[in-house]
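# Quick one, what's the 3D model for this:
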Amino acid sequence: MKKSCKSINKQSGLSLIELMIAITLGLLITAGMITLFTNSKQSYRVQENLSRLQENGHFAMNFLTQDIRMADYWGCLTSSVAITNNLNAGSVFDDFANAVSGTDNTGLNGSDTITLKMAAPSEIYVKQVPATVSADLKVTIDSNLAEDDIILVSDCEVGNIIQITNFNPNAGGFDNIAHNTGNTN
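Take a look at the predicted model:
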């Protein structure tokens, strides 16, 4: 008896259909990975921008907090009543009683504004008391003052607000400050 055997052909490659299905599956997986990467990158950008916005907000709040706390500070003067304004009338320095004031929707482009009145602390001292009120002031050398700066000069009992009209640094061991009554820029 003879056995009847059918020969089994072994496959020696991929059919065209199998190849197209494999390429399609590979493309779908690649597209999914690209979408995942793109979404991840966009999420990172959003998170980074939110972090920067939050950091800027903290900086602004710290900056404003420090200045608002200094409002109505006049150095060693205990009250703004003892301050004489030597600037032109109508300047923001006319009313010292209101150290903090603001406006609603009246600033540049309809923005709100806040005005703080104070004397910034410094290590500048009058080194030579002038003989007359209009004489130049001789102050600590390297004072970092400049022409048009508005300054408060005080002896802890009374004070004067003046504007520097001429500044001569290191003039004979002093910084020399000239001021004229009524000047404001």
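# So the residue lying closest to residue 99 once chain neighbours are set aside versus residue 119, what's the distance?
Sequence neighbours aside, residue 72 is the residue nearest to residue 99 in space, at 3.4 Å (criterion: C-beta to C-beta, 6 or more residues apart in numbering). C-beta: built from backbone N, CA, C; applies to glycine. Here the distance between residue 72 and residue 119 works out to 10 Å (C-beta to C-beta, to the nearest Å).
# Which one of those two is surrounded by more residues?
More crowded of residue 72 and residue 119, by other C-beta atoms under 10 Å: residue 119, with 20 against 16.
# That one reaches residue 73, doesn't it?
Yes: shown here, residue 119 and residue 73 form a contact pair, counting by C-beta atoms under 8 Å, at 6.1 Å.
# Ranking helices and strands of this structure by mean pLDDT, which lands last?
strand 83-85 (a mean of 83; mean pLDDT, DSSP states H and E).
# Which neighbours in the sheet does that strand have, and how are they oriented?
strand 159-168 (parallel) (DSSP bridges).
# Which positions in the strand it pairs with come out as buried?
Neighbour-count burial for strand 159-168 flags 159, 160, 161, 162, 163, 164, 167 (criterion: 16 or more other C-beta atoms under 10 Å).
# Pull up the gap between the residue nearest the centre of the chain and residue 52, please.
Geometric centre of the chain, nearest residue: residue 60, 5.8 Å, by C-alpha atoms, centre = their mean. Remark: distance between residue 60 and residue 52 (C-beta to C-beta) = 13 Å.
# Over to residue 12?
61 Å.
# can you check residue 58 too?
11 Å.
# One more: residue 97?
According to C-beta to C-beta, residue 97 and residue 52 sit 40 Å apart.
# Helices of this protein, start to end?
16-70 (DSSP state H).
# Return, as residue ranges, the portions of it with sub-threshold pLDDT.
1-9, 11, 90-95, 107, 181-185 (pLDDT under 70).
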